[in-house]
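Visitor: My questions concern the predicted model and sequence given below.
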Amino acid sequence: MKSEIHPKYHKDAKIVCACGNSVQVGATLAEINVELCNKCHPFYTGKQNLIDAAGRIDKFKRLASLKSEEATGKKTKTAKRTAVKAEKRSSKATVEIGA
């Protein structure tokens, strides 16, 4: 193996965040500057806002419920439609007979 080709390893490298938080780690750079860390990132602090401008979550839930209804109640749905059609036919027949 060739010597002198690997970067120098710093056991006490420092990671500094824009919020001021710093962490000691081992790295090939002596100091690393980052914009976000676990102390200031919205996901980890609990201040994250989920933006649902298009109603995607509601649309997904609606479609998922339709799929589950279709899978479980397809025969029920067909029976209801048939009953409604039969009722319409019988009401028409009574109106024509009564007229």
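Guide: Perfect, I can see it now.
Visitor: Ala27 against Ala13, yeah?
Guide: Yes - counting by Cβ atoms under 8 Å, Ala13 is a contact partner of Ala27 at 3.8 Å. (C-beta placed from N, C-alpha, C; glycine too.)
Visitor: Please enumerate the strands of this structure.
Guide: For the chain, the strands defined by DSSP state E occupy 10-17, 22-27, 31-34.
Visitor: Paired strands for the first one, with orientation please.
Guide: Pairing partners of strand 10-17, with direction, according to DSSP bridges: strand 22-27 (antiparallel), strand 31-34 (parallel).
Visitor: Pull the residues that contact the shortest one.
Guide: Right, the one you point to is strand 31-34. Ala13, Lys14, Ile15, Val16, Cys17, Ala18 (Cβ atoms under 8 Å, 6 or more residues apart in numbering).
Visitor: what residue ranges in this protein are flagged as low confidence?
Guide: Low-confidence segments of the chain (pLDDT under 70): 1, 50, 52-53, 69-75, 93-99.
Visitor: can I get the contacts of strand 31-34 in CSV with neighbour count and distance to Thr82?
Guide: What follows is the contacts of strand 31-34, written out as CSV (neighbours: other Cβ atoms under 10 Å; distance: Cβ to Cβ, whole Å):
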residue, neighbour count, distance to Thr82
Ala13, 16, 74
Lys14, 15, 75
Ile15, 16, 69
Val16, 14, 72
Cys17, 18, 66
Ala18, 11, 66
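Visitor: Need these in CSV (columns: distance to Ile51).
Guide: Shown next, in CSV, are the contacts of strand 31-34 (distance: Cβ to Cβ, whole Å):
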residue, distance to Ile51
Ala13, 36
Lys14, 35
Ile15, 30
Val16, 30
Cys17, 25
Ala18, 23
